[in-house]
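Chemist: pasted the sequence and its predicted model underneath.
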Amino acid sequence: MRLFYWSIGATLKVKPFSKINSIHAQFNLPLKNRYKNIAQKQFYHRCSGFNRLILPQTFFMRYLLLLSILFTNFAEAQYRLALNLEKGNTYIQRSSADLTINQEINGQKMDIVSTISGIMGFKVVEKSASSYILETVYTELNMSMKTPNGEVSFSSTKPYDEKDIFSRLLKNMIDHPFYINMQSTGKITEIKGIDSLWTNIFSSFPELDADKKEQILAQLKQSYGENSLRGNIEQLTAIFPSQKVKINDQWQNSIELRTTMHATINNHFKLLDYNPSYFDIENHADTRTSDDTVQTNGMSATYKLAGPTDSRIKIDTKTGWIIEANTHMELKGTLQLLDNPKIPGGMLIAMDMTSVSKVTDK
């Protein structure tokens, strides 16, 4: 700035810059005594105009630059998303799923609406750098179903009723621990001891014959056994990227479901937001059943269903555990019942399935 003033002074043929201060010193003099000549007057006003114009703009530009740097640093911040559980702590999953099945059998529509809910506890009994052993228990199980033939409901919390066999069975599954080996990525590598759920489940049911017990046990394992358990839990835990991500980054993975049907879910995750309490993640997945033959109601069958699954997930920034997850799944296609004594020649059933579920940590 000093050189700038000097060059202007030289152009106007006024005294060097050291003399210009005398102009400022004269500012408080009467107007007629303020300037020695016209050149000084013109130079002073030009310099003042420069200060009034350039200095505010310079400050404003520096302010914008600072904001830009701060915003860029915030927007480009990278986060490691993974489980970070504490040994000795117990983490909760409270889930509820409403499932609607629309079927058409021999030209007649048959709709089934069911709700399955429950609470699970996961206690960290061992912890390493990359994995956990979780002592897992069911603490509450509920199921209800509405069909054209009527409504039924079962719960582990119901008072004892000798005639309510299924509720008594659910109650026998409560607080029997089994162990899950889970990686910090949320993937399950092993489930041990789940057979303890079934060991004494029929001990208080002398009225059931062997065939009936076998049929009920098969249904329970389809819903709560190792294969279904692995897929159901991984839908909520195996959601983490393999590397650090920033806001709007995306990543993918796949998980397998083995319940009443076999399916693959191809997940497409995106980190939407971050705050000190939680990460906000969305998932747009494609679900498609395999061609595997499964057993349903004692008959061999093949599902051919496909459709989208959309989720919105909040996970704790410190632990990586699910705070809340809301999922909407739609599948459309057919169920092929294979030839069997009950239905000679088999049957093709058109089917639509819609599932709306919610999971929280409380």
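Modeler: Arrived safely. Numbers count the residues shown, from 1 in each chain.
Chemist: what are the pairing partners of the strand or helix carrying Y303, and which direction each?
Modeler: Take DSSP states H and E as the rule and Y303 turns out to sit in strand 299-316. Sheet pairing for strand 299-316, assigned by DSSP bridges, gives strand 278-289 (antiparallel), strand 293-296 (antiparallel), strand 322-337 (antiparallel).
Chemist: the nearest residue to I247 once chain neighbours are set aside pairs with what?
Modeler: Of all residues not flanking I247 in the chain, L271 sits nearest, at 5.8 Å (C-beta to C-beta, 6 or more residues apart in numbering). C-beta here means a position set from N, CA and C on the backbone, and glycine is covered the same way. In this entry, L271 is beta-bridged to I281, by DSSP bridges.
Chemist: quick one, grab the pLDDT at L271.
Modeler: Note for L271: predicted pLDDT of 98.
Chemist: flag the shaky bits of the stretch 101-250 of the chain, pLDDT-wise.
Modeler: Counting by pLDDT under 70, not a single residue of the stretch 101-250 of the chain qualifies.
Chemist: just the helices in it please.
Modeler: Remark: helices assigned in the stretch 101-250 of the chain by DSSP state H, counting those that start in this stretch are 165-172, 196-199, 210-224, 226-237.
Chemist: count of neighbours near K127?
Modeler: By the criterion of other C-beta atoms under 10 Å, K127 has 17 neighbours.
Chemist: would you verify that D291 is located in a strand?
Modeler: No: applying DSSP: H, G, I helix; E, B strand; the rest coil, one finds D291 to be coil, outside a strand.
Chemist: do you know the pLDDT at it?
Modeler: 87.
Chemist: and for P56?
Modeler: pLDDT, P56: 53.
Chemist: on that earlier part again, indicate which one of the strands paired with strand 299-316 is closest to S155.
Modeler: strand 322-337 (22.8 Å; C-beta to C-beta).
Chemist: buried set for whichever helix or strand comes after that closest one?
Modeler: Later in the chain than strand 322-337, the nearest helix or strand by DSSP H and E is strand 347-360. For strand 347-360, a neighbour-count test (16 or more other C-beta atoms under 10 Å) marks 347, 349, 351-355, 357, 359-360 as buried.
Chemist: swap in stretch 242-257?
Modeler: Buried residues in stretch 242-257, defined by neighbour count with 16+ other C-beta under 10 Å: 245, 247, 251, 253, 255, 257.
Chemist: for L229, state which of these is nearest.
Modeler: Nearest to L229 among the buried residues of stretch 242-257: L257, at 10.8 Å, using C-beta to C-beta.
Chemist: dig out what T100 forms beta bridges with.
Modeler: Beta bridges link T100 to V113, T354, judged by DSSP bridges.
Chemist: what pLDDT is listed against it?
Modeler: We have a pLDDT of 97 for T100.
Chemist: what's the answer for A325, then?
Modeler: 98.
Chemist: run a quick neighbour tally on it.
Modeler: Neighbour number of A325 under other C-beta under 10 Å is 22.
Chemist: any idea which residue sits dead centre in this structure?
Modeler: I313 (2.6 Å; C-alpha atoms, centre = their mean).
Chemist: list the contacts for that residue?
Modeler: For I313, the contact set (C-beta atoms under 8 Å, 6 or more residues apart in numbering) comprises 236, 239, 280-283, 322, 324-325.
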